[in-house]
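K.L.:
Sequence and predicted structure are below.
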Amino acid sequence: MLNGPLPPQVDPRKLAERQAVLDYCVAFADLPRFASALLEQEGRVRMQLSFARDEGKTLILRSLLSTQAVLRCQRCLEPVTLDLQSQCSYALLPAGADRSGVSAQHELLELGESLALAELIEDELLLALPLVPAHKTHHCQIPAWNSQEAARESKPNPFSVLAQLRQDNSAETDITN
């Protein structure tokens, strides 16, 4: 496993010819878009990237990513540590290439002369983040200000004044009749 920054650009054609497997452990600091989405920017992402060609000679990139990320729980607003996993398979095609022969099990990715790995990895990690991060229900401490019971007990009903006026009004009409 290699530690350190990812190469800025790689040539997937050369890597596929060698059937290369890149095994990296990259710091969140090297993935600034992903790090900015987290509560704590300290950590590392373990990634394994495999390059190959399928039977139809299409370039294939398989990625396996795993990390732990600290996010803000949307129930209690406290930090929550979540395990993130992402596994993708890409068919790398030149711009304008015929896509009909590509298997449906691969996501299509247009390829230029080179591939920016950090951007691809960041996109995968951002998509792996949960929409609503939260603790498991039995671990989450919901603050009192957020519970419905506390809200009902602490605030008087604003319509109770109207109910009182209605009672007073009906008592006056009974007297006049």
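P.N.:
Happy to help now that I have it.
K.L.:
C76: which element?
P.N.:
Using DSSP states H and E, C76 falls within no helix or strand.
K.L.:
Can you get me a residue count around it?
P.N.:
Counted by other Cβ atoms under 10 Å, the residues lying close to C76 total 16. In short, each C-beta sits where N, CA and C put it, glycine included.
K.L.:
Next one: it, what pLDDT does it get?
P.N.:
You'll see C76 listed with a pLDDT of 85.
K.L.:
In contact with L93, which residues are there?
P.N.:
Neighbouring residues of L93 by Cβ atoms under 8 Å, 6 or more residues apart in numbering: 58-59, 99, 102, 108-111.
K.L.:
Which secondary structure state does it sit in?
P.N.:
Secondary structure for L93, judged by DSSP: H, G, I helix; E, B strand; the rest coil, is strand.
K.L.:
Please report how far it lies from A128.
P.N.:
From L93 across to A128, the span is 24 Å (Cβ to Cβ, to the nearest Å).
K.L.:
for A20, what are its contacts?
P.N.:
Taking Cβ under 8 Å, 6+ apart as the test, what A20 contacts is 50-51.
K.L.:
Quick one: mean pLDDT for the host helix or strand of S86?
P.N.:
According to DSSP H and E, S86 maps onto strand 79-94. Throughout strand 79-94, pLDDT has a mean value of 91.
K.L.:
try stretch 118-131
P.N.:
93.
K.L.:
Low-confidence stretches in the chain?
P.N.:
The chain contains residues with pLDDT under 70 at 1-4, 99, 101, 141-155, 171-177.
K.L.:
Let me see the domain layout of it.
P.N.:
2-128, 144-176 (automatic domain parsing).
K.L.:
Deepest in the core, which of these is it.
P.N.:
domain 2-128 (a mean of 15; mean count of other Cβ atoms under 10 Å).
K.L.:
roughly how far apart are L127 and V161?
P.N.:
51 Å.
K.L.:
typo on my end, it should be S170
P.N.:
S170 is 15 Å from V161, by Cβ to Cβ.
K.L.:
ditto for E17
P.N.:
80 Å.
K.L.:
Name the nearest residue to the residue nearest in space to the middle of the chain, sequence neighbours excluded.
P.N.:
By Cα atoms, centre = their mean, the mean C-alpha position of the chain lies nearest to L129, the distance being 1.4 Å. Counting by Cβ to Cβ, 6 or more residues apart in numbering, A37 is the residue found nearest to L129 once chain neighbours are left out, at 6.2 Å.
K.L.:
which residues does the one you found contact?
P.N.:
Per Cβ under 8 Å, 6+ apart, neighbours of A37: 71, 126, 129.
K.L.:
so can I have a markdown table of the residues you listed showing secondary structure?
P.N.:
What follows is the contacts of A37, written out as a markdown table (three-state DSSP):
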| residue | secondary structure |
| --- | --- |
| L71 | strand |
| L126 | helix |
| L129 | coil |
